[in-house]
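Participant: Quick check, what structure comes out for this input:
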Amino acid sequence: MSNEELRFEEAMSKLEDVVQKLESGDVPLEEAINLYKQGMELSAYCHGKLQDAEKQLITIIDKDGESTSFDPSKGSAPNE
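Facilitator: Down below sits the predicted model:
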């Protein structure tokens, strides 16, 4: 299964498994390297999913039905 087919929750679960295995210290070097690579790929995938979700969440629909970008640094939606 490629990362593109994973749901965010599944990818996070797999990432947690990888971290747990690496933290145990009972993994041969070659397997640890492969796990590390897999963990980095899963981490990048999850980060991308979170960025996509953030982009969706910062678009505000105002009372006239117009879509505007929300700037979280300003603390409130425009025209409120």
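
Participant: For the spatially most central residue of the chain, which non-adjacent residue is spatially closest?
Facilitator: Nearest to the mean C-alpha position of the chain, counting by C-alpha atoms, centre = their mean, stands residue 46 at 2.6 Å. Of all residues beyond its chain neighbours, the one nearest residue 46 is residue 11 (5.2 Å), with distances taken as C-beta to C-beta, 6 or more residues apart in numbering. Yep, even glycine has a C-beta here, placed from its N, CA and C like the rest.

Participant: Surely the residue nearest to the centre of the chain and residue 8 touch.
Facilitator: Yes. Between residue 46 and residue 8 there is a contact under C-beta atoms under 8 Å: 6.3 Å.

Participant: For the closest residue to residue 18 other than its chain neighbours, which residues are in contact?
Facilitator: With sequence-adjacent residues excluded and distances taken as C-beta to C-beta, 6+ apart, residue 18 is closest to residue 39, at 4.1 Å. Counting by C-beta atoms under 8 Å, 6 or more residues apart in numbering, residue 39 makes contact with 15, 18-19, 22.

Participant: ok, which stretches of the protein are helices?
Facilitator: 8-24, 29-57 (DSSP state H).

Participant: Output the contacting helices and strands for the first one.
Facilitator: Pointing back at helix 8-24 there. helix 29-57 (3 or more C-beta pairs under 8 Å, 6 or more residues apart in numbering; DSSP states H and E).

Participant: Now do the residue nearest to the centre of the chain against residue 25, distance only.
Facilitator: Separation of residue 46 from residue 25 (C-beta to C-beta, to the nearest Å): 24 Å.

Participant: Then residue 58?
Facilitator: 41 Å.

Participant: tally of neighbours for residue 11?
Facilitator: 20 (other C-beta atoms under 10 Å).

Participant: can you list the weak-confidence ranges in this structure?
Facilitator: Counting by pLDDT under 70, the chain shows low-confidence ranges at 1-4, 60-63, 65, 68-72, 74-80.
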